[in-house]
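Undergrad: How does the following fold in three dimensions:
(chains A, B and C)
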Amino acid sequence: MNRGAPVAAKFYARPTEEVARGLLGRILVSDIGGRRRQTAGRIVEVEAYLGPHDPACHAYNRRRTARTEPLYGPPGTAYVYFTYGMHWCLNAVTETLDFPAAVLIRALEPIGGADTMRRRRGTEPLCAGPARLCQAMGITGAVNGVSLQRGRLRIVEGPAPRKSEIVVGPRIGITQAADWPLRFYLKGSPWVSRQG
DNA sequence: ACGCAGATTTTCT
DNA sequence: GAAAATCTGCGTT
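TA: Alright, predicted model coming up:
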């Protein structure tokens, strides 16, 4: 495992649940705002959004609009959407070109640039929650649709957790398919958005 | 520790 | 016009 190297495009071109589990332990790096303001965090919590047949997915029933367009792009693309009038959330697009599925990044363990994160956030916690981590890392619609393999926003190799450390539960904050067990997080991590 | 309401705007009905 | 893959601050237990 080549630590610090970008996660290969091939990694994302797999079933979304596998990608979700596989992203745990890997590192999200942001150079948004300049390299001297680099921020980085280890992914500790994710959710899978399975595509056209997942009622909670933005592309349910193959809905294709300006907003959902990046979901139909190549695997390894960033899908950044705006919600509740003030929040950005980051996904990694999965599967194949034209299949609209993705993994929502929900929480990070900060491992670099915590000072920058604190300045952007203004309060704790820094990266426990999908909108919090976007604010901490400077992620907005400006990076919607970019590749996560290179450039200002990327996911690189990191220490993989053991399978026994991964907890599965229902996704948070949705009303459709609310009982589908598609949330994955690291057992006992103090950095997740919530336990249970 | 927990629960609730308000913020704020895009997106689709 | 309503809902939304959320967060915060303030209230009460």
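Undergrad: What is the neighbour count of the closest residue to DNA strand B within chain A?
TA: When C-beta to the nearest atom of the strand is the measure, chain A has its nearest residue to DNA strand B at A:Gly85, with 2.2 Å between them. (Glycine included, C-beta is placed from N, CA and C.) Counted with other C-beta atoms under 10 Å, the neighbours of A:Gly85 add up to 5.
Undergrad: Three-state assignment for it, please.
TA: Going by DSSP: H, G, I helix; E, B strand; the rest coil, the secondary structure assigned to A:Gly85 is coil.
Undergrad: where does the nearest residue to A:Thr77 once chain neighbours are set aside land on pLDDT?
TA: Sequence neighbours aside, A:Val93 is the residue nearest to A:Thr77 in space, at 4.1 Å (criterion: C-beta to C-beta, 6 or more residues apart in numbering). With respect to pLDDT, A:Val93 scores 98.
Undergrad: give the contact list for A:Val93.
TA: Counting by C-beta atoms under 8 Å, 6 or more residues apart in numbering, A:Val93 makes contact with A:12, A:70-71, A:73-79, A:101-102.
Undergrad: could you measure the residue in chain A positioned nearest to DNA strand C against A:Arg194, distance?
TA: With C-beta to the nearest atom of the strand as the measure, the residue in chain A that lies nearest DNA strand C is A:Gly173; the distance is 1.8 Å. Distance from A:Gly173 to A:Arg194, counting by C-beta to C-beta, to the nearest Å: 11 Å.
Undergrad: Kindly report the same for A:Thr96.
TA: From A:Thr96 over to A:Arg194 (counting by C-beta to C-beta), the distance is 32 Å.
Undergrad: need the contact list for A:Arg64.
TA: Here A:Arg64 is in contact with A:72, A:100 (C-beta under 8 Å, 6+ apart).
Undergrad: State the distance from it to A:Ser164.
TA: According to C-beta to C-beta, A:Arg64 stands 39 Å off from A:Ser164.
Undergrad: For burial, what's the neighbour tally of A:Tyr84?
TA: For A:Tyr84, the count of nearby residues is 8 (other C-beta under 10 Å).
Undergrad: okay, now the closest residue to it other than its chain neighbours: neighbour count?
TA: In this structure, A:Tyr84 finds its nearest non-sequential neighbour in A:Ala131, 8.0 Å apart by C-beta to C-beta, 6+ apart. As a burial measure, the neighbour count of A:Ala131 was computed by other C-beta under 10 Å and equals 18.
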